[in-house]
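Trainee: Give me a 3D structure for the following:
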Amino acid sequence: MAYDPPELSDEDPRADIIRSMIEDLGWCLNSYGQVEYLVGDLIWHSWRLPAYQALRAQVPMSLDKRIKHLEKIFIVEGPLSPHAGDLRLLIDRLRELSQPRHMFAHGHCTFVFTRGGEAAMHFRRFLPPDQNGQVEKYLGQVRPETLHVARQAWCRFASSAQRIIGAIYVDLGFEKPEDGTPEK
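Mentor: Numbers count the residues shown, from 1 in each chain. This next block holds a predicted model:
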């Protein structure tokens with residue numbers, strides 16, 4: 001059963017706040033997704049290198065598994081070794097952003113407004129079971145200003161990750177062929 005939120009007229013001042021917050025949220029999620037993809041793509045390319053062929057497997061779908069696989073690659077001395085420091089910093093930042101990302105991507109979201117016009121997004125989600133199998137419900141709140149600052153920071157992070165991984169691609173010859181043919 002789908003839920004359609006009530007329509008707000010363009011004259012309602014809440015409409016612009018909601019649209020702006022949804023846009024900022026989308027940029028955060030997209031930025032994270034860009035980096036998540038690049039990590040998987042770097043793993044996929046690394047398997048073409050003789051030093052890492054023994055680690056070849058299915059490209060992990062979850063970010064946690066991609067990070068663990070990339071950390072296995074770091075153990076092997078090979079062409080990615082000179083880049084391990086930058087990649088570890090990138091991984092550390094991804095880990096920091098994973099909980100907010102899970103909240104944004106998997107949480108139930110409601111928009112709340114005070115009588116004075118203050119706004120926030122409330123998120124509720126279930127956390128993965130702890131080691132005893134207990135599940136907890138997480139409640140979070142994000143205000144428009146905080147989300148806008150997050151958008152800027154996440155976009156900068158994605159740009160930095162693209163520069164770091166792009167430089168690795170150039171260094172190791174992973175870039176697309178000059179004739180424009182698709183990668184294999």
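Trainee: Tell me how many other residues crowd Gly33.
Mentor: Counted with other CB atoms under 10 Å, the burial measure for Gly33 works out to 14 neighbours. Glycine gets a C-beta too; all of them are placed from N, C-alpha and C.
Trainee: Ok, Leu89 next?
Mentor: Leu89 has 13 neighbouring residues, counting by other CB under 10 Å.
Trainee: Leu94 too?
Mentor: The local packing of Leu94 (other CB under 10 Å) involves 20 other residues.
Trainee: Ile22 now?
Mentor: If you count neighbours by other CB under 10 Å, Ile22 ends up with 14.
Trainee: helix or strand for it, which one?
Mentor: Element membership for Ile22 (DSSP states H and E) is helix 13-46.
Trainee: And the strands in this structure, which stretches?
Mentor: 108-113, 119-126, 137-142 (DSSP state E).
Trainee: Against Glu145, how distant is the residue lying closest to Ile18 once chain neighbours are set aside?
Mentor: Closest residue to Ile18 apart from its sequence neighbours, by CB to CB, 6 or more residues apart in numbering: Phe111 at 5.4 Å. Phe111 is 15 Å from Glu145, where distance means CB to CB, to the nearest Å.
Trainee: Likewise for Arg48?
Mentor: Computed as CB to CB, the Arg48 to Glu145 distance reads 45 Å.
Trainee: how about the nearest residue to the residue nearest the centre of the chain, chain neighbours excluded?
Mentor: Residue closest to the average C-alpha location in the chain (CA atoms, centre = their mean): Tyr32, at 2.1 Å. Leaving aside its sequence neighbours, Tyr32 sits nearest to Arg101 (CB to CB, 6+ apart; 4.8 Å).
Trainee: Could you tell me how many residues sit around the residue nearest to Asn30 when sequence neighbours are not counted?
Mentor: In this structure, Asn30 finds its nearest non-sequential neighbour in Ala158, 7.9 Å apart by CB to CB, 6+ apart. Residues near Ala158, counting by other CB under 10 Å, number 20.
Trainee: what do you get for the one 4 residues further on?
Mentor: Counted with other CB under 10 Å, the neighbours of Gln162 add up to 15.
Trainee: you'd agree it is up against Gln34?
Mentor: Yes. Using CB atoms under 8 Å, Gln162 makes contact with Gln34 at a distance of 7.0 Å.
Trainee: can you pull the contacts of Gly40?
Mentor: Contact analysis of Gly40 by CB atoms under 8 Å, 6 or more residues apart in numbering lists 59-60, 66.
Trainee: Please report which of these has the highest neighbour count.
Mentor: Neighbour max across the contacts of Gly40 (other CB under 10 Å) = Arg66, 22 neighbours.
Trainee: Identify the residues contacting it.
Mentor: 36, 39-40, 43, 59-60.
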